[in-house]
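Asks: The sequence and its predicted three-dimensional model are supplied below.
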Amino acid sequence: MAFFIQNLAPIMFLGLIVFLLMGFPVAFSLGACGLFFGFIGVQLGVLPEALLQALPLRLFGIMQNDTLLAIPFFTLMGLILERSGMAEDLLDTIGQLFGPIRGGLALAVILVGALLAATTGVVAASVISMGLISLPIMLRYGYDRRVAAGVIAASGTLAQIIPPSLVLIILADQLGRSVGEMYKGAFIPGFALTGMYVLYVVGLAVFKPDWVPALPAAARTIREDSGKSGLLSLLLLTIAATAAALYFGEHYAAVQSWLTGTTVTTVPTDETIVVSMCAGVMLAFVLAVLNKVSRLGLLSRMAERVTFVLIPPLLLIFLVLGTIFLGIATPTEGGAMGALGAFTMAMVRRRLSFSLLKQALSTTTKLSCFVVFILIGSTIFSLVFQGVDGPKWVEHLLSGLPGGQTGFLIVVNILIFFLAFFLDFFELSFIVVPLLAPVAEKLGIDLIWFGVLLAVNMQTSFMHPPFGFALFYLRSVAPIKAYTDRLTKKIIEPVTTMQIYWGAVPFVLIQVIMVGLIIAFPGIVSSGLDKKQVYDLEKVRIEMENSMPPEQPTLDPAAAPGAAAASGADAALPAAAPLADDDPMKAMQESIDKAKK
């Protein structure tokens, strides 16, 4: 019995694993395990009964958490955009744009996946929509099935790391950090990972051209009447927008100084990138609108199509992320604006219907309830786990690892990588992250950086064969039987499950490489964070000296006029003495000198 009492924390953790392996839902496994071991702890005298009385307060605290409101807002925004046909238009347009080059369809899928990630934040919606739209096209024109499946699944998982990601919201809540700061930290790593996917496809186009063929000329439908592609005007428009963005980015500090009326010398990198890109995109959109309204005919059909299909979702991204990065809106308010913008875009495209709205609201409600129930279960589990000194057990287990911070990070990332075979990112965020965060903070690891690192690692939970959810989503929409293509009338062979699994392996390796790069080069994340203010000790001393009241001269009561007539109370007041040896300014100066040494 003494052994059981002393090791109740690890036994409780093993009990949770047993509950999960038995197939119970995660939310109920967490809650049942917490209540079961809480009852045992009370009976053994390890836990006071009053501890469980805190449960109602903690549950009401979940309901009052404003941060979690961002989850339904961003989910609704993504579902409205995805079901209004935005993904289909983006894939068709960008596929036509990159079609003439080898791997163009795969590049289009990756770029559209990044755009959907920045607007939807939901992996399932991205993978299913791109699987339904792009997979038949890639199979039609001879893409290797493994490459096609891997590109679709991997680009869909970008929704987990590119803001506004749901996992970043949950990680920020579990780590006790700002969602906005988490978004800023993940901004550069998310698009760096997108760039690594692009490099992989470019490498395949060079070394395995038969795997990623170009789109045949007959399939390129967006052309001028003369038969030209019309890419020249698009190139000129892109150059003009890029030049405007670069110019605005170089002078953004001056713009800030003019707007605020104070001298601004430095601006955060992420804020500069978002605002300058918004300026360039707005210029391109205004020029395209002026060309269409005035009928000047300066832009080709391809240029107009790309502008009017690509820029509205980009503007929505800037509306949401830009206001968050600039500090104008909180993530919850940004999500509300994004949902309103999605409704507006769907109405403008005349694709907003009652059935679409009903489906989007129903799915949003289900996902939000799913998250809240897991959070309730994890709260019950964590309260009891803390009561039996579980955090101390985890801290002693991990803080004593050899190698300090580096050893801790290596072990934690290996642990997350293997747990991701069996648990999805919701379960990892609610079960594992609260146990790791106190140890990381005690080791001096920045929790924003740590959260982004875990988010990149958790991406592998969607791609792991054989339990990756992105692979399941793709399997649900990939053909399981041979079928006749409606355009080419050719027999298209089905996509096997093993082909999907093998296609995911290279992208899992790319994600692991990204984890290593973040550990090796922490600036990938910290460059997106605001610089901490550094204080000059010399200036602090001068300001404190200036703020001290002027030294009063020493008065001799006997020499003061009217001293003899002073009342008894006044005469009893002691004379002001000169500063003693323990002068506070002198002691402060000595402390500052020691700190400087």
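Replies: Happy to help now that I have it.

Asks: Next SSE downstream of the helix or strand that contains residue 182?
Replies: Following DSSP states H and E, the helix or strand that holds residue 182 is helix 179-207. With elements assigned by DSSP H and E, the helix or strand that comes after helix 179-207 is helix 231-250.

Asks: Could you check how far the next helix-or-strand element following that following helix is from the centre of its chain?
Replies: Downstream of helix 231-250, the first helix or strand assigned by DSSP H and E is helix 252-260. Computed by C-alpha atoms, centre = their mean, to the nearest Å, the separation of helix 252-260 from the middle of its chain amounts to 28 Å.

Asks: cool, stretch 350-366 as well?
Replies: 25 Å.

Asks: do the same with stretch 495-510
Replies: Here stretch 495-510 is found 24 Å from its chain centre; the criterion is C-alpha atoms, centre = their mean.

Asks: same thing with stretch 60-78?
Replies: Its chain's C-alpha centre and that of stretch 60-78 lie 15 Å apart, by C-alpha atoms, centre = their mean.

Asks: circling back to that earlier point, pLDDT on the helix holding residue 182, on average?
Replies: Average pLDDT, helix 179-207: 90.

Asks: And stretch 382-396, by the same measure?
Replies: Mean per-residue pLDDT for stretch 382-396: 80.

Asks: circling back: which positions in the helix holding residue 182 come out as buried?
Replies: 179-191, 193-194, 196-198, 200-202, 204-205 (16 or more other C-beta atoms under 10 Å). Bear in mind the C-beta positions are built from the backbone N, C-alpha and C, glycine included.

Asks: And for stretch 28-39?
Replies: Per 16+ other C-beta under 10 Å, stretch 28-39 contains these buried residues: 29-35, 37-38.

Asks: any low-confidence regions in the stretch 51-200 of the chain?
Replies: 120-122, 125 (pLDDT under 70).

Asks: All the strands of the protein, residue numbers only.
Replies: 483-484, 491-492 (DSSP state E).

Asks: Tabulate those in CSV, adding columns for distance to residue 101, mean pLDDT and mean neighbour count.
Replies: Formatted as CSV, those follow (distance: least, C-beta to C-beta, whole Å; pLDDT from 0 to 100; neighbours: other C-beta atoms under 10 Å):
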stretch, distance to residue 101, mean pLDDT, mean neighbour count
strand 483-484, 28, 82, 12
strand 491-492, 23, 84, 12
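
Asks: Residue 291: which of the ones you listed is closest?
Replies: strand 491-492 (40.4 Å; C-beta to C-beta).

Asks: Tell me the gap between the longest helix along the chain and the middle of its chain.
Replies: Determined from DSSP state H, the single longest helix within the chain is helix 354-387. Computed by C-alpha atoms, centre = their mean, the chain-centroid distance of helix 354-387 equals 19 Å.

Asks: please begin residue numbering at 806 from this point
Replies: Understood, numbering begins at 806; the last thing we discussed is helix 1159-1192.

Asks: tell me what that helix is packed against?
Replies: Secondary-structure packing of helix 1159-1192 (3 or more C-beta pairs under 8 Å, 6 or more residues apart in numbering; DSSP states H and E): helix 813-826, helix 831-849, helix 854-857, helix 860-868, helix 875-888, helix 1230-1232.
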